[in-house]
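Participant: model this:
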Amino acid sequence: MFYSFNGIRPVVHASSFVHPQAVVTGDVQIGKNCYIGPGAALRGDWGTIILEDGCNVQENCTIHMFPGLTVLLKEGSHIGHGAIIHGATIGRNCLVGMNSVLMDHVQIGDESIVMDTIESVDFMGRVSKMYEAEFNVLFGEQC
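Facilitator: As a prediction, the model looks like this:
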């Protein structure tokens, strides 16, 4: 399902597939040859979501952001079942594992694998860590 928000409608390339049970709202741009699975929620209501070509967002994923942020999934990013991407940037050809959570301002470098929860903002709203790992496997305890 596609919904406009504040007069902004999602834009999806004709070669991409968005399952009828996915919900795509507002300022969302989906590139070529992307896949959005059933139950996925891409909410571009308070910011922008950009999926570059070849991205794969599996079942029951949530993509959202803190107001004013942009979520960017670079080319070939794979977001596993049930993962939450909230205000993060995911590098080219990354794998975000099932049920992983990536919070506001996290930046995952190209060719990385994420297998846990990574936070970057503390309870006072300050950026506490930035993750710019490239060619790494990231676990929550390591971050």
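Participant: most centrally placed residue in the protein?
Facilitator: Ile85 (4.3 Å; Cα atoms, centre = their mean).
Participant: Tell me, what's the model's pLDDT at that residue?
Facilitator: pLDDT recorded at Ile85 is 97.
Participant: Could you say which helix or strand holds it?
Facilitator: Per DSSP states H and E: Ile85 is located in strand 84-86.
Participant: Show me what the helix or strand just after that strand pairs with in its sheet, parallel or antiparallel.
Facilitator: Where DSSP H and E defines the elements, the next helix or strand beyond strand 84-86 is strand 89-90. As defined by DSSP bridges, the strand partners of strand 89-90 come to strand 70-73 (parallel), strand 107-108 (parallel).
Participant: Could you export the ones you listed as a markdown table, including distance to His81, mean pLDDT and mean neighbour count?
Facilitator: No exception for glycine: its C-beta is placed from N, CA and C like everyone else's. Shown next, in a markdown table, are the strands paired with strand 89-90 (distance: least, Cβ to Cβ, whole Å; pLDDT from 0 to 100; neighbours: other Cβ atoms under 10 Å):
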| stretch | distance to His81 | mean pLDDT | mean neighbour count |
| --- | --- | --- | --- |
| strand 70-73 | 16 | 98 | 22 |
| strand 107-108 | 18 | 89 | 22 |
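Participant: mind checking which of these is nearest Gln58?
Facilitator: strand 70-73 (12.4 Å; Cβ to Cβ).
Participant: Tell me the gap between that closest one and the middle of its chain.
Facilitator: 6 Å (Cα atoms, centre = their mean, to the nearest Å).
Participant: Now tell me what touches that strand from outside.
Facilitator: 47-52, 55, 57, 63-65, 79, 85-90 (Cβ atoms under 8 Å, 6 or more residues apart in numbering).
Participant: which residue packs closest to the residue nearest to the centre of the chain, ignoring adjacent ones?
Facilitator: Ile63 (4.7 Å; Cβ to Cβ, 6 or more residues apart in numbering).
Participant: hey, what's that neighbour bridged with?
Facilitator: Beta-bridge partners, per DSSP bridges, of Ile63: Leu42, Ile85.
Participant: Can you verify my assumption that the residue nearest to the centre of the chain contacts Ile79?
Facilitator: Yes - the pair Ile85 / Ile79 is scored as a contact, 6.3 Å apart, by Cβ atoms under 8 Å.
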